[in-house]
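Colleague: sequence and predicted structure below; questions after.
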Amino acid sequence: MFGTIDGFGGFVLVLLGVIVYLLPSFIAFNRDVELRWVILVINIFLGASLIGWLVALYLATRKPKPQLGTTA
């Protein structure tokens, strides 16, 4: 089944793998998370381990803390 993947199919699989690998970073930048650059660094350097990827995903999806003293 997978023995007949041509060049384009391999490219698509690699592209999908990169998208899934960087998913926490995409989420953090899309949500404009305050620590988005830290999440990107964690995702790139520690994302290969499942724990690093899950930490980056948690940081990207957690609720932002409410700002204190923002009454107008």
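Modeller: Thanks, I have the structure now.

Colleague: other SSEs contacting the helix or strand encompassing Gly52?
Modeller: According to DSSP states H and E, Gly52 maps onto helix 50-61. If you count contacts as 3 or more Cβ pairs under 8 Å, 6 or more residues apart in numbering; DSSP states H and E, helix 50-61 packs onto helix 23-30, helix 36-46. Placement of C-beta: from N, CA and C, glycine included.

Colleague: put the alpha carbons of the strand or helix carrying Leu15 into CSV.
Modeller: Using DSSP H and E, Leu15 sits in helix 7-21. Once non-C-alpha atoms are left out, helix 7-21 reads as follows in CSV (Å, rounded to 0.1, in the frame of the first residue of the first chain):
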residue,chain,number,x,y,z
GLY,A,7,7.5,11.9,-5.3
PHE,A,8,4.4,14.1,-5.0
GLY,A,9,2.8,11.8,-2.5
GLY,A,10,6.0,11.8,-0.4
PHE,A,11,6.0,15.6,-0.5
VAL,A,12,2.4,15.8,0.6
LEU,A,13,3.2,13.4,3.5
VAL,A,14,6.2,15.4,4.6
LEU,A,15,4.2,18.7,4.4
LEU,A,16,1.4,17.2,6.5
GLY,A,17,4.0,16.0,9.0
VAL,A,18,5.5,19.5,9.3
ILE,A,19,2.1,21.1,9.7
VAL,A,20,1.2,18.7,12.5
TYR,A,21,4.6,19.2,14.1
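
Colleague: now do it against helix 36-46, angle only.
Modeller: The directions of helix 7-21 and helix 36-46 differ by 120 degrees, with axes from the mean of the first three to the mean of the last three Cα atoms, to 10 degrees as the criterion.
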